[in-house]
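1. Just the structure for this:
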Amino acid sequence: MVAKLSDVAELAGVSITTVSRVINNYGSLSQKTIDKVHAAMRELHYQPNAMARSLQGKSSQFIGLIFPNIQNPFFTALATEIEQLLFEKGYKVIIATSANNIEKEQQYLQMLAANQVEGIITSSHNLGIASYQDNFLPIVSYDRHLADNIPIVHEDNYRGGYLIGEYLVSQGTKNLLVLCDNDPSASPTAQRYVGFADAIANKSRLIEHSINSNSNEFASAEEMAEIVDLIVTEKVDGVFAYNDMMAVQLQNALRRANIRVPEDVIVAGYDGSPIVQQLHPDLPTIVQPIHEAAQRLIDVLFAEINHEALPDLDMLPVSLHKPE
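-> Presented below is the predicted three-dimensional model:
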């Protein structure tokens, strides 16, 4: 039997109006009341207007997308590809950007559920959100471990890191700096740095620097100056940045400091979106398979929606873009 709004209200010990206000994020409610309503919804596997939808016998034909931002050309390209493939299936998307704001992402999750999305594709950088563990909507993640029950589509991150390390070593670099993000989870992206370290082992010195960027895309001016000082002090001649935007930002900062790129320091990135390859053909980077990733994400999500066996989750291949 499908749970109704009144069932949620009864279990939570609140009025139907209060449940509706929680679902629609309307009005002033205590966190205790909000938590009780969400707990009741999870226990009953309640989706807003689920009964009306079952009576109509049709789906909403909406899919939610949650990305850290769309400033990064890679996420823009991936979202565009997903949107087009879903449109061809007769579905439309609702796009949410979460940045590094956990509260914002939680509200977006509530909003997407309230708007009856059939499922969610996410590449969230906000880790440890309980809503992902407890959410009853079909969800698939790209390159991020959000909960044990959420399938992950990812490319061969180890191979990507190895290719970058191998390339920098082949260019004669001896002191290599890797710029890492702050992801302590078991996300597949951590394998990039493992592969990189393996590729340069016993060939070049490795220096690590963790980025504290709030956007996970750009460093502050102060932190970028600190990185440039580190490069000068440690005589760094090669850098592996965790994405192309960070790599381009560093290239610009080095040139402003009268350090030649790539003659004095080679900077390599990761993502390889089409626009970056066109505008910055001098940037060595790992090209991720955007079309294949989008198609795999959709295939996995619809297998969840239709309660079917998940398709193969083997790693997608990557390639190295070398400067022209």
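2. who's in contact with the residue nearest in space to the middle of the chain?
-> Centroid-nearest residue in the chain: S123, 2.6 Å away (criterion: C-alpha atoms, centre = their mean). S123 sits next to I66, F67, P68, F75, L78, S141, Y142, D143, R144 when contact means C-beta atoms under 8 Å, 6 or more residues apart in numbering. From N, CA and C alone the C-beta is placed, and that goes for glycine too.
3. just checking, the fifth one is part of a strand?
-> No. With DSSP: H, G, I helix; E, B strand; the rest coil as the criterion, L78 is assigned helix and is not in a strand.
4. And the pLDDT for it?
-> Looking at L78, its pLDDT is 96.
5. what's the closest non-adjacent residue to it?
-> I290 (5.5 Å; C-beta to C-beta, 6 or more residues apart in numbering).
6. How about E81?
-> Per C-beta to C-beta, 6+ apart, closest to E81 is A294, 3.9 Å.
7. So what's the residue count around the one you found?
-> 23 (other C-beta atoms under 10 Å).
8. Next up, the contacts around it.
-> Contacts for A294 (C-beta under 8 Å, 6+ apart) come out as L78, E81, I82, L85.
9. And the second one, which helix or strand is it part of?
-> Right, E81. Element membership for E81 (DSSP states H and E) is helix 73-88.
10. Need the contacts of A294 in a markdown table (columns: neighbour count and distance to S20).
-> Converted to a markdown table, these look like this (neighbours: other C-beta atoms under 10 Å; distance: C-beta to C-beta, whole Å):
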| residue | neighbour count | distance to S20 |
| --- | --- | --- |
| L78 | 25 | 34 |
| E81 | 18 | 36 |
| I82 | 26 | 31 |
| L85 | 16 | 34 |
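11. Would you tell me what the next helix or strand after the lowest-mean-pLDDT helix or strand in the chain is?
-> Least confident helix or strand of the chain, by mean pLDDT, DSSP states H and E, is helix 50-56 with a mean of 43. The element immediately downstream of helix 50-56 (helix or strand, assigned by DSSP H and E) is strand 62-67.
12. mind listing what that following strand pairs with, with the direction of each?
-> Under the criterion DSSP bridges, strand 62-67 sits next to strand 92-97 (parallel), strand 119-122 (parallel) in its sheet.
13. closest one to L301 among these?
-> Between L301 and the strands paired with strand 62-67, the shortest gap by C-beta to C-beta is with strand 119-122, which sits at 4.7 Å.
14. what comes into contact with that closest one?
-> Here strand 119-122 makes contact (C-beta under 8 Å, 6+ apart) with 63-67, 82, 109, 112, 132, 135, 137-142, 144, 146, 297-298, 301-302, 304-305.
15. Same question for stretch 202-222.
-> Here stretch 202-222 makes contact (C-beta under 8 Å, 6+ apart) with 68-69, 71-72, 99-100, 125, 168-169, 173-182, 193, 197, 200, 223, 227, 230, 234, 236, 238, 242-243, 245-246, 249.
16. just the CA coordinates of it, formatted as CSV?
-> Extracted in CSV, the C-alpha atoms of stretch 202-222 (Å, rounded to 0.1, in the frame of the first residue of the first chain):
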residue,chain,number,x,y,z
ASN,A,202,62.2,6.6,-7.9
LYS,A,203,62.2,9.0,-10.8
SER,A,204,61.2,12.4,-9.4
ARG,A,205,60.7,14.0,-6.0
LEU,A,206,57.0,14.3,-5.0
ILE,A,207,55.7,17.3,-3.0
GLU,A,208,52.0,17.5,-2.0
HIS,A,209,49.9,20.5,-1.3
SER,A,210,46.2,20.4,-0.3
ILE,A,211,43.9,23.0,-1.7
ASN,A,212,41.4,24.7,0.7
SER,A,213,39.2,26.2,-2.0
ASN,A,214,35.6,26.6,-1.0
SER,A,215,34.5,26.1,-4.6
ASN,A,216,36.8,23.2,-5.3
GLU,A,217,37.6,24.9,-8.6
PHE,A,218,39.8,28.0,-7.8
ALA,A,219,42.3,28.9,-5.1
SER,A,220,42.2,32.2,-3.5
ALA,A,221,44.7,34.8,-4.5
GLU,A,222,46.6,34.3,-1.2
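17. Contacts only, for Y193.
-> Residues near Y193 by C-beta under 8 Å, 6+ apart: G161, V178, C180, E208.
18. I'd like to know how far D181 sits from F87.
-> 32 Å (C-beta to C-beta, to the nearest Å).
19. The two - which one has more neighbours?
-> Each of D181 and F87 had its neighbours counted (other C-beta under 10 Å), and the higher figure belongs to D181 (20 against 11).
20. Quick check: closest non-adjacent residue to Q116.
-> Closest residue in space to Q116, ignoring its immediate chain neighbours: S60 at 4.0 Å, by C-beta to C-beta, 6+ apart.
21. The one you found: neighbour count?
-> Count around S60 with other C-beta under 10 Å applied: 15.
22. and what of V93?
-> Using other C-beta under 10 Å, V93 is surrounded by 17 other residues.
23. begin at 535 from here
-> Renumbered: residue one is now 535, and that last one reads V627.
24. need the contact list for it.
-> The neighbours of V627, taking C-beta under 8 Å, 6+ apart as the test, are F596, I597, G598, L599, A613, I616, E617, L620.
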